[in-house]
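**Student:** Here is a sequence together with a model predicted from it:
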Amino acid sequence: MERDVTVLGAGIVGICTALSLIERGLNVRLVDRGDPGQATSFGNAGVISPWSIVPQSMPGVWKKIPGWLMDPLGPVSIKPSYLPQLTGWGLRFLAQGKRERVREISAAMDTLNHDCISLYRHHLAGTGHESLIRDSCYIHAFRDGNAARLDSFDNELRRAAGADLERVDGNTLREIEPALSEEFEAAIVIKGQARALAPGRIGEVLFDKFKDLGGVFSSATVHGIQPMEAGGWRYVTDDGEHTASKLVMAMGVWSAELLRPLGIKVPLQSERGYHVTFTEPGITLNNSIMDVDMKFVASSMEDGLRVAGTAEFAGLDSPINEKRLAGLVTLAGKLSPDLNANAFTKWSGQRPSLPDSLPCIGEFDGFPDLIAAFGHSHYGLMMAPKTGRIVAELAAGGRPNIDLSPYRPNRF
């Protein structure tokens with residue numbers, strides 16, 4: 001075998017997994033066609049939240065979806081021609097929104113998220129770039145003050161997991177965040193958070209650490225994988241066939257395509273996300289801000305003020321929808337009237353989403369030494385370090401002291 005473990009996919013999940021594997025003394029090769037940490041992992045609001053444990057499918061969400069779809073600035077968009085391909089996934093998604101099922105999913109999300117800050121600081125230690133993670137709050141801002149309730153179901157889930165929450169009125173909110181519009185009447189302040197000042201740079205820094213520790217990177221497109229009769233795996237790239245004793249599938253939304261020839265079917269949907277970064281914003285946010293009404297998040301970063309949000313279901317190969325980007329610019333102006341929106345950069349990428357908001361982690365039934373680490377949806381930045389720890393323990397022959405059944409790749 002060329003290496004002990006090969007990780008396919010060098011997003012933040014793959015990079016954190018590779019680091020944890022090296023910490024366990026394994027030889028590791030990381031394979032990706034693009035620059036490590038610069039694809040889907042680059043495009044997010046930078047929130048590193050132990051309390052992001054609320055799944056996408058919630059009780060009553062089905063009532064809101066039609067209104068979201070009708071609103072050109074709404075948080076969800078579906079390409080009409082893609083609707084037939086999304087129907088089965090959508091029904092599974094809605095089925096996950098029952099109250100007791102949500103509690104189960106939330107507990108599983110908490111397992112992956114609750115120590116995300118300390119694990120990132122562990123990985124960044126000694127790199128000289130520890131300041132890329134900054135302590136902050138996560139502020140959920142409401143235009144309707146009556147809707148800002150500590151006893152809402154989502155906040156009940158957070159408080160049950162140990163989150164420290166505070167409700168503040170509009171005046172107090174603007175003392176914390178002077179740049180916010182006076183339209184916001186109240187907010188829920190979620191404490192004990194952190195935020196990434198440059199998600200892409202974190203990927204670069206951790207990738208450099210991986211190489212410094214002896215990791216090997218191959219820049220190549222993966223075309224197929226196949227188990228070998230004597231054990232281990234063969235994978236085919238642009239430069240030929242390679243082997244590995246263990247293979248980690250961390251290719252995000254592209255994982256399903258590689259698994260399909262093996263007869264493994266995973267209901268993985270590509271969910272196109274967008275963000276806009278205002279490079280000369282004229283304002284600074286002290287914390288990460290969610291506009292609860294419009295479902296997008298704004299955060300000040302090294303390169304400006306980033307506004308991220310909206311989910312578009314249109315297929316993996318769909319072109320970028322410039323209207324969604326223009327909508328984010330419009331929404332950002334509603335968040336803060338003092339924002340200078342004249343100069344900005346744009347980004348779009350594909351998120352890998354499963355119906356229950358949980359990733360696939362662990363071995364596939366019937367395929368020993370093929371380990372899943374994909375499907376993290378909106379939570380990849382937060383779940384990556386713990387996912388990496390779990391995968392590394394499995395690859396080293398250990399048994400993680402947690403219940404892995406919620407993340408079983410074959411659960412569907």
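**Tutor:** Yes, it's here. Residues are numbered from 1 along each chain as shown.
**Student:** what residues does stretch 144-162 touch?
**Tutor:** Applying Cβ atoms under 8 Å, 6 or more residues apart in numbering, the contact partners of stretch 144-162 are 50-51, 53-54, 58-59, 99, 102-103, 106, 110, 114, 140, 142, 163, 165, 167, 169-170, 185-188, 190, 292-293. (C-beta placed from N, C-alpha, C; glycine too.)
**Student:** buried subset of these?
**Tutor:** 50-51, 53-54, 58, 102, 106, 110, 114, 140, 142, 163, 165, 167, 170, 185-188, 190, 292-293 (16 or more other Cβ atoms under 10 Å).
**Student:** just checking, Ile53 touches Glu104?
**Tutor:** No. At 11.5 Å, Ile53 does not count as touching Glu104 under the criterion of Cβ atoms under 8 Å.
**Student:** hmm, back to that, from the buried ones among the contacts of stretch 144-162, which land in helices?
**Tutor:** When DSSP state H is applied, those are split such that 102, 106, 110, 170 fall in helices.
**Student:** For those residues, give me JSON lines that also has pLDDT.
**Tutor:** Shown next, in JSON lines, are those (pLDDT from 0 to 100):
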{"residue": "Val102", "pLDDT": "98"}
{"residue": "Ser106", "pLDDT": "98"}
{"residue": "Asp110", "pLDDT": "98"}
{"residue": "Gly170", "pLDDT": "97"}
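**Student:** Tell me the one among these nearest to Pro385.
**Tutor:** Asp110 (14.4 Å; Cβ to Cβ).
**Student:** Could you pull up the residues touching the closest one?
**Tutor:** 50, 53, 161.
**Student:** Distance of it relative to Leu325?
**Tutor:** Distance of Asp110 to Leu325, computed by Cβ to Cβ, to the nearest Å: 33 Å.
**Student:** what's the answer for Phe313, then?
**Tutor:** Noted for Phe313: a distance of 17 Å to Leu325, by Cβ to Cβ.
**Student:** And this protein, what are its domain boundaries?
**Tutor:** Split into domains by automatic domain parsing, the chain comes to 3-41+201-268+357-407, 50-96+134-196+270-353.
**Student:** Out of the ones you listed, which is the most enclosed?
**Tutor:** Compared across those, domain 3-41+201-268+357-407 shows the largest average neighbour count, a mean of 20 (mean count of other Cβ atoms under 10 Å).
**Student:** same question for it, mean pLDDT?
**Tutor:** Mean per-residue pLDDT for domain 3-41+201-268+357-407: 96.
**Student:** what are the phi and psi angles of Trp51?
**Tutor:** Reported as degrees, to the nearest 10, the phi and psi values for Trp51 are phi -110, psi 20.
**Student:** Provide a list of residues in contact with it.
**Tutor:** 113, 138, 158, 161, 163, 190, 192-193.
**Student:** nearest to Glu271, of the residues you listed?
**Tutor:** Nearest member of the contacts of Trp51 to Glu271, counting by Cβ to Cβ, is Asn113, at 19.2 Å.
**Student:** Just give the number of residues close to the closest one.
**Tutor:** When neighbours are defined as other Cβ atoms under 10 Å, Asn113 has 22 of them.
**Student:** need the contact list for it.
**Tutor:** Per Cβ under 8 Å, 6+ apart, neighbours of Asn113: 49-53, 379, 382-383, 386.
**Student:** Quick check: the gap between it and Thr237.
**Tutor:** Taken as Cβ to Cβ, the span from Asn113 to Thr237 is 33 Å.
**Student:** quick one: the strands in the stretch 1-150 of the chain?
**Tutor:** Assigned by DSSP state E, counting those that start in this stretch, the stretch 1-150 of the chain shows strands spanning 3-8, 28-32, 47-48, 76-78, 133-142.
**Student:** Would you mind giving those as TSV with distance to Leu94 added?
**Tutor:** TSV is the format used below for the strands of the stretch 1-150 of the chain (distance: least, Cβ to Cβ, whole Å):
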stretch	distance to Leu94
strand 3-8	32
strand 28-32	34
strand 47-48	25
strand 76-78	13
strand 133-142	24
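**Student:** wait, which of these is closest to Phe374?
**Tutor:** strand 3-8 (9.5 Å).
**Student:** Pull up the pairing partners for that closest one, direction included.
**Tutor:** strand 28-32 (parallel), strand 240-249 (parallel) (DSSP bridges).
**Student:** List the contacts of it.
**Tutor:** 14, 17-18, 21, 26-32, 216, 222, 225, 233, 235, 242, 244-251, 258, 373, 395.
**Student:** how about a cut-off of 7 Å?
**Tutor:** Residues outside strand 3-8 that contact it (Cβ atoms under 7 Å, 6 or more residues apart in numbering): 14, 17-18, 21, 26-31, 216, 222, 235, 244-251, 395.
**Student:** any idea where the strands of the stretch 301-412 of the chain begin and end?
**Tutor:** Going by DSSP E, counting those that start in this stretch, the stretch 301-412 of the chain shows strands at 304-313, 344-353, 360-364, 367-374.
**Student:** From the contact counts, what lies against the third one?
**Tutor:** I take that to be strand 360-364. In terms of contacts (3 or more Cβ pairs under 7 Å, 6 or more residues apart in numbering; DSSP states H and E), strand 360-364 is packed against strand 367-374, helix 380-395.
**Student:** Show me what the longest one is packed up against.
**Tutor:** Just to be clear, that refers to helix 380-395. Counting contacts by 3+ Cβ pairs under 7 Å, 6+ apart, helix 380-395 packs against helix 12-23, helix 99-113, helix 116-124, strand 240-249, strand 360-364, strand 367-374.
**Student:** With that, I have no additional questions.
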